[in-house]
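1. Below: sequence and its predicted model.
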Amino acid sequence: MKNQYIDISLPLDSELPVWPGDPNAIIERVSSIGQGDGHNSSRINSSLHWGTHLDAPYHIVETGWTIDQIPLAVLIGPVQVIEIPEVREIKADHLKNFKIQGCKRLLVKTQNSAFWNESPLKFHQDFTAFSKDAAEYLLDCGIKLIGIDYLSLDLYSAIDLPVHHLLYQQNVVGVEGLDLRQVSPGNYHLICLPLNIKSGDGAPVRAVLLKQ
């Protein structure tokens, strides 16, 4: 059987929802062959936490890794994908239903994935995310990279971002805004490479799963 690659990153588009308070993303054509410029060239103006993106621990923790300090060994390797449907807040007890002890990379598919089917896309406050005790359990399991299919690891109502603080203090890396609609639970190989932004607190990422 040939290797099967699954792209789990959203195509960057100015219509993608942004976190409230972040600037709307702009993708703008600045020169065009059709207008006689001799080449096509464009620019992007956006938050680093837009679309499918990597959170550097430095995003929340002053002493945490920046984007350019995250070891490639964290971003590439075996990954487990689990699905927790019809749950608003993912708690430790939900995670305990899966064999994730010793797992270094974990992606969680939730009811959030249905949001990406909408047209036009809009920001949802009622997305699924993790509880504080779930974050503590992830640390106990040895997780080094955790991903989810919407724009935050914390609930929208979690103003103090307890999940981010707990995980990022230990240099656990977060991947937010994943597109897991076409992904079934199971074991894969993850390639999750962000733009290598010096001292970056986040970066857009092209994330790919390899099913062997």
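-> Received the coordinates, thanks.

2. Which helix runs longest in this protein?
-> Secondary structure of the chain per DSSP state H: the longest helix is helix 132-141.

3. And that one, what's buried?
-> Under the neighbour-count criterion of 16 or more other Cβ atoms under 10 Å, helix 132-141 has Lys132, Asp133, Ala134, Ala135, Tyr137, Leu138, Cys141 buried. All C-beta spots, glycine's among them, are computed from the backbone N, C-alpha and C.

4. same thing with stretch 14-25?
-> When neighbours are counted by 16+ other Cβ under 10 Å, the buried residues of stretch 14-25 are found to be Leu16, Pro17, Val18, Ala25.

5. Show me where the chain has its strands.
-> Remark: strands of the chain, listed N- to C-terminal, are 4-7, 26-31, 41-45, 53-55, 76-83, 89-90, 105-109, 129-130, 145-148, 173-176, 186-194, 202-211; assignment by DSSP state E.

6. could you redo the ones you listed as JSON lines and give each row distance to Glu62?
-> Putting the strands of the chain into JSON lines (distance: least, Cβ to Cβ, whole Å) gives the following:
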{"stretch": "strand 4-7", "distance to Glu62": "34"}
{"stretch": "strand 26-31", "distance to Glu62": "29"}
{"stretch": "strand 41-45", "distance to Glu62": "26"}
{"stretch": "strand 53-55", "distance to Glu62": "14"}
{"stretch": "strand 76-83", "distance to Glu62": "27"}
{"stretch": "strand 89-90", "distance to Glu62": "27"}
{"stretch": "strand 105-109", "distance to Glu62": "25"}
{"stretch": "strand 129-130", "distance to Glu62": "22"}
{"stretch": "strand 145-148", "distance to Glu62": "21"}
{"stretch": "strand 173-176", "distance to Glu62": "16"}
{"stretch": "strand 186-194", "distance to Glu62": "20"}
{"stretch": "strand 202-211", "distance to Glu62": "15"}
